[in-house]
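got a sequence here, can you build the structure:
(chains A, B, C and D)
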Number of protein chains: 2
Amino acid sequence: MTWSEPRTAEPEKKRAKMSAKMTEPRQPGLRAQSVYKALRRAIIEQALKPGMKLPEDSIGEQLGVSRTLVREAFGRLAIEGLVELKPNRGASVAYPTLEEARDVFDVRRGLERMVAETLAGNLTAAQAAELEAHVRLEEKAHEQDGPESIRLSGEFHIKLAEMTGNALLLRYVQEASSRCSLILAIYGRPHSSECAVSEHRQLIDALRAGDAARAAHLMDHHLQAVVTRALLTPRGERDIREVLAPYALSEGLTPP
Amino acid sequence: MTWSEPRTAEPEKKRAKMSAKMTEPRQPGLRAQSVYKALRRAIIEQALKPGMKLPEDSIGEQLGVSRTLVREAFGRLAIEGLVELKPNRGASVAYPTLEEARDVFDVRRGLERMVAETLAGNLTAAQAAELEAHVRLEEKAHEQDGPESIRLSGEFHIKLAEMTGNALLLRYVQEASSRCSLILAIYGRPHSSECAVSEHRQLIDALRAGDAARAAHLMDHHLQAVVTRALLTPRGERDIREVLAPYALSEGLTPP
DNA sequence: ATTGACGGTATTGTATGCGATAATTGAAGA
DNA sequence: TCTTCAATTATCGCATACAATACCGTCAAT
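This is a model prediction of the structure:
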């Protein structure tokens, strides 16, 4: 994101009573949305790391908006579990505990099972083709194993949710999905590519065949596999910091 | 709108610099929460009817807070699908279309199926007892068939979700549940008591027996039954207004 | 009579201000 | 040197200020 324009560079005293034509008439609500999306991406891509403090002032200044809009974005992100909001202590990037993490993954499995069941036997030819094209992209990306691979894996699941045509289900899947990203950023091993492409392929087959039970089962185990592959299991924590951090954070302590 | 008190009559210059002790130190964030809860209840209990306009000013004035907090509440409620927020046109109580309604019910069924599966065979004796006590309450209330009956039916499902110990699942179930209330307010027949107590009882039995499949199945059909009993099926709309209203509202038109 | 233009008012979107709370620093005492 | 506590500073919570729309009624023109 290019924040090249120095909107609030000057000592901000002269903005009242300015000549009427220098206000750019960006359409309303759009700036708020942008702040939200910027922060969301920054968190998911780990530019903002879990536990990191998020001062309203500096962020607003950086993004060229007032604290009001930043605050609004924090609200939404807090509901989605991406930031934590403590009274009088402001916002920080969420640092889910292992327990919360497990909750999220459990719910996600359930949600995506619904997706699979809904879609089984109801895919149009076009949709099936789109999914297969996507999987081929995943295969290509998987070879050079960049961060692209991870993004595509995630998008596959979002695409599936979209195809159900159920807006609420889509929203929940998206939410669970972002939270999973955050969780894997904390507890996951460095960069396992998370989703096995072959499992995606099998799933598509089951969906085309209209085998709801098999599709649901595949999805369930696929996501279960993601968890184990990415190491969510707490046996043998690798770093003492990681063991303590959640506790420290949840008590309002701030490790350096 | 009663403009009895001349709020902005005075040149509003003298409100700064008041004697230091007249600020009640209510703890921060609590007022925001209160506004949110107040509006939420008002909507669910249909004091605020679907489609009704929600001006920030008058609501804030009524609740004794500034537009800022009202706005914040609107944001949360909008995410939960209880209010609609249109740019530059403000907030109104949501008026879900039949399609959205179906989405919500579908997701709810899936979520509560998860609840049932999670709980099956995992109820403590205390929990089972609590549920049975609740059902007895429902039976009592069912006789005089007041609005109490509806509230208790809803609470049964919330209680179940709580017992899973999964905070996220609980939140989703609560959200779906409130949206269902709103939906039934629009499309439901006058006051069917929505949940059959006997079905609740059967469900508890299945949960105690640890029969996950049966519990899930019961839950699924129970909720399906709620839909049919409450008449969500669009055959034979009773009133032209009700047919048109969703379309009007969704286009931003405001029927009288 | 309907429609379209115009002007005033009501409401929204966003920024800013003010008091309050927590973080931090620094000084004094153990 | 290590604690304890007070003063300073950074931030937050909330209200308010102000500009930008949208709404509504009036009036003129077809």
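
CA only for contacts and neighbour counts going forward, please
OK.

list the residues that contact A:K159.
A:L131 (C-alpha atoms under 8 Å, 6 or more residues apart in numbering or on different chains).

endpoints of stretch A:55-74, how far apart?
Stretch A:55-74 has an end-to-end distance of 10 Å (C-alpha to C-alpha, to the nearest Å).

show me what counts as buried in that stretch.
Neighbour-count burial for stretch A:55-74, counted by 16 or more other C-alpha atoms under 10 Å in any protein chain shown, picks out A:56, A:59-61, A:63-67, A:69-74.

what's the strand or helix carrying A:I204 packed up against?
For A:I204, the host element (DSSP states H and E) is helix A:197-209. Applying 3 or more C-alpha pairs under 8 Å, 6 or more residues apart in numbering or on different chains; DSSP states H and E, we find helix A:197-209 packed against helix A:125-144, helix A:212-229.

pick the most deeply packed of the ones you listed.
When the helices and strands packed on helix A:197-209 are scored by mean count of other C-alpha atoms under 10 Å in any protein chain shown, the highest mean neighbour count falls to helix A:212-229 (a mean of 19).

on that earlier part again, now the helix holding A:I204: buried residues?
Those would be A:197, A:199-200, A:202-208, for helix A:197-209 by 16+ other C-alpha under 10 Å.

what sits up against it?
A:116, A:119-123, A:128, A:131-132, A:135, A:138-139, A:153, A:212, A:214-215, A:218-219, A:222.

now that helix: average pLDDT?
Across helix A:197-209, pLDDT averages out at 96.

cool, stretch A:81-98 as well?
96.

how about that stretch and DNA strand C, touching?
Yes. Applying C-alpha under 7 Å from any atom of the strand, one finds stretch A:81-98 touching DNA strand C at A:88-89.

run the contact check for that stretch versus chain B.
Yes. Shown here: stretch A:81-98 in contact with chain B (C-alpha under 8 Å from any C-alpha of the partner chain) through A:87-88.

flag every buried residue along that stretch.
Buried residues in stretch A:81-98 (16+ other C-alpha under 10 Å): A:81-85, A:91-98.

can you redo these as CSV with secondary structure?
Listed next are those as CSV, based on DSSP: H, G, I helix; E, B strand; the rest coil:
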residue, secondary structure
A:G81, coil
A:L82, coil
A:V83, strand
A:E84, strand
A:L85, strand
A:A91, strand
A:S92, strand
A:V93, strand
A:A94, coil
A:Y95, coil
A:P96, coil
A:T97, coil
A:L98, helix
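
from the residues you listed, which are also near DNA strand D?
Near DNA strand D, by the rule C-alpha under 7 Å from any atom of the strand, you find A:85, A:91 out of these.

distance to B:A167 added to the buried residues of stretch A:81-98, as CSV?
Conversion of those to CSV gives the following (distance: C-alpha to C-alpha, whole Å):
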residue, distance to B:A167
A:G81, 11
A:L82, 15
A:V83, 16
A:E84, 15
A:L85, 17
A:A91, 20
A:S92, 20
A:V93, 19
A:A94, 15
A:Y95, 15
A:P96, 12
A:T97, 12
A:L98, 13
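
which ones, among the buried residues of stretch A:55-74, also lie beside chain B?
Answer for the buried residues of stretch A:55-74 near chain B (C-alpha under 8 Å from any C-alpha): A:E72.
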